[in-house]
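Trainee: For reference, the sequence and a predicted model appear below.
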Amino acid sequence: MAAPAGDNVQLTDGEERAISSYFGFDCLYDHQRKVISDTLLSKDVFLSTKTSSGKSLCYQSIPVVYQHRQLPVIVLVISPLLSIMEEQVHLLRAMGFTATVIGKDPKENNDIKTGKYSFLYTNPETVLKDDEWREVLMTEVYRKTVRLIVVDEAHTVTQWGTSSTEEVFREWFGRLGELRSLLPGIPMLAITATATNINRRKIKQKLCMMNSIDYTESPDRNNISLFVSEIPHAKPLEEVFGWLVTAAKQNSCPRTVVFCKSIGDTAKVYGMFVRELAGCHREIVNMYHSCTLPNIKEKIRANMNDIDGSLQILICTNAAGMGVDFKGVQSVVNYGPPQELDTLIQQLGRAGRDGSQSLHILFYKNNK
């Protein structure tokens with residue numbers, strides 16, 4: 001099936017000016033201009049650039065282009081976590097776009113099915129496993145109006161959707177290539193801040209992106225100083241994090257995110273800080289993981305998105321490591337290395353997003 005009418009026309013100077021005006025900046029970065037142009041030419045694109053490089057704008061700008069062309073548009077965004085979707089929808093609505101999460105509010109279902117939203121966020125389970133929404137994607141409205149499929153946090157395709165040794169965490173991530181048969185001819189944009197060459201090939205294979213154009217850069221961040229420290233097996237947590245506890249008690253603690261490998265470790269580290277900071281310092285620390293109640297997650301994200309928020313130390317799993325833009329984070333600590341190098345790079349990239357000099361520490365245990 002051919003791409004919808006109006007595609008296969010590259011980005012014009014007038015459309016670039018319209019994007020710049022809408023989002024309030026002088027001009028596009030070079031990689032943004034190329035990615036937008038390539039997707040408008042119905043080409044698949046794999047974008048792997050460092051955090052804070054403006055990756056999201058590459059798809060957020062698509063409705064501006066099609067509005068400029070006076071054509072209907074839907075951008076379908078596949079995202080791994082509801083918290084990411086809700087944050088993005090809130091941002092896009094504030095900018096005047098129509099955006100929602102598929103299936104979150106049944107009252108919106110009819111408007112979704114008739115193509116009333118420019119941005120639709122969802123997860124693989126909703127659009128592939130649920131027959132109702134799978135059939136919606138095959139309707140004439142969607143095949144004529146969807147201009148771009150976006151796979152955000154694309155490293156989850158292989159990290160969550162495949163496994164050679166154990167049960168797959170979320171198998172439908174590994175089956176996202178099925179979207180190509182539901183929406184034939186529609187270009188796909190895969191986005192991640194971290195993907196090794198091997199993982200990039202695996203992701204593209206799963207997404208059926210055999211002839212994609214790749215834009216990649218080193219994830220190196222010159223403003224983040226990296227340190228690795230071995231922890232003796234029996235060393236108490238109070239000693240491991242003593243420097244951070246002391247800084248917190250002295251009201252000189254930089255905003256810090258501590259990533260743990262499991263919910264159990266998160267609870268142990270959080271419990272230690274609560275004990276050590278009993279009293280007036282208690283409000284500066286919290287924990288965040290997949291089992292945290294949704295209303296608590298929202299309060300934590302709102303606080304961390306405020307440069308003047310009270311939270312200074314967040315103990316968390318990787319549930320807080322993707323698609324977030326916590327403000328003022330100057331230190332990131334990994335209490336144990338994650339299984340994937342891509343995950344480590346993703347997590348340490350939470351630091352210094354404003355360009356300020358920042359710190360990353362990786363703690364590891366030698367069990368010998």
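Mentor: Cool, got the structure. Just so we're clear, the structure is a prediction, and the values are computed from it rather than from any experiment. Numbers count the residues shown, from 1 in each chain.
Trainee: what comes up buried for the helix or strand of the chain with the lowest mean pLDDT?
Mentor: Lowest by mean pLDDT, DSSP states H and E among the helices and strands of the chain is helix 341-348, with a mean of 86. Neighbour counts over helix 341-348 (16 or more other C-beta atoms under 10 Å) mark Asp342, Thr343, Leu344, Ile345, Gln346, Gln347, Leu348 as buried. Heads up, the C-betas are built off the backbone N, CA and C, glycines and all.
Trainee: what's next to it, contact-wise?
Mentor: Residues outside helix 341-348 that contact it (C-beta atoms under 8 Å, 6 or more residues apart in numbering) are 51, 155, 159, 192-196, 199, 219, 221, 224, 226, 257, 259, 318, 321-322, 332, 334, 337-338, 360, 362.
Trainee: Over to stretch 293-308?
Mentor: Contacts for stretch 293-308 (C-beta under 8 Å, 6+ apart): 83, 87, 255, 286, 288, 292, 309-311, 314, 320, 324-329.
Trainee: Just the buried ones from those?
Mentor: Buried members of those, scored by 16+ other C-beta under 10 Å, are 83, 87, 255, 286, 288, 292, 309, 311, 314, 320, 324, 326, 328-329.
Trainee: Just to be sure, which of these are found in strands?
Mentor: Asn286, Tyr288, Leu314 (DSSP state E).
Trainee: I'd like to know which of those residues is nearest to Gly355.
Mentor: Leu314 (20.8 Å; C-beta to C-beta).
Trainee: Tell me which stretches of the stretch 51-200 of the chain form strands.
Mentor: 74-78, 99-101, 119-122, 146-151, 188-192 (DSSP state E, counting those that start in this stretch).
Trainee: Let's see which of the contacts of stretch 293-308 end up in helices.
Mentor: Ser83, Glu87 (DSSP state H).
Trainee: possible to save the ones in strands among the buried ones among the contacts of stretch 293-308 as TSV with distance to Arg175?
Mentor: Below are these laid out as TSV (distance: C-beta to C-beta, whole Å):
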residue	distance to Arg175
Asn286	35
Tyr288	29
Leu314	33
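Trainee: State the helix or strand in which Tyr215 lies.
Mentor: strand 213-216 (DSSP states H and E).
Trainee: buried ones in that strand?
Mentor: So, applying 16+ other C-beta under 10 Å, buried residues of strand 213-216: Tyr215.
Trainee: Just the CA trace of that strand, in PDB.
Mentor: Presented in PDB, the C-alpha positions along strand 213-216 are these (Å, rounded to 0.1, in the frame of the first residue of the first chain):
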ATOM      1  CA  ILE A 213      18.700   5.600   7.800                       C
ATOM      2  CA  ASP A 214      20.700   5.700  11.000                       C
ATOM      3  CA  TYR A 215      21.700   8.800  12.900                       C
ATOM      4  CA  THR A 216      23.900   7.900  15.800                       C
END
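Trainee: where are the low-confidence patches of the protein?
Mentor: For the chain, residues meeting the criterion pLDDT under 70 lie at 1-7, 164-165, 280, 321, 323-324, 367-368.
Trainee: Show me it divided up by domain.
Mentor: The record's domain parsing of the chain by automatic domain parsing lists 13-216, 224-366.
Trainee: mind checking the end-to-end distance for the first one?
Mentor: So that's domain 13-216. 25 Å (C-alpha to C-alpha, to the nearest Å).
Trainee: The shortest one now?
Mentor: Between the start and the finish of domain 224-366 there is a gap of 25 Å, counting by C-alpha to C-alpha.
Trainee: circling back: immediately after the least confident helix or strand of the chain, which helix or strand?
Mentor: The C-terminal neighbour of helix 341-348 among helices and strands, as given by DSSP H and E, is strand 358-366.
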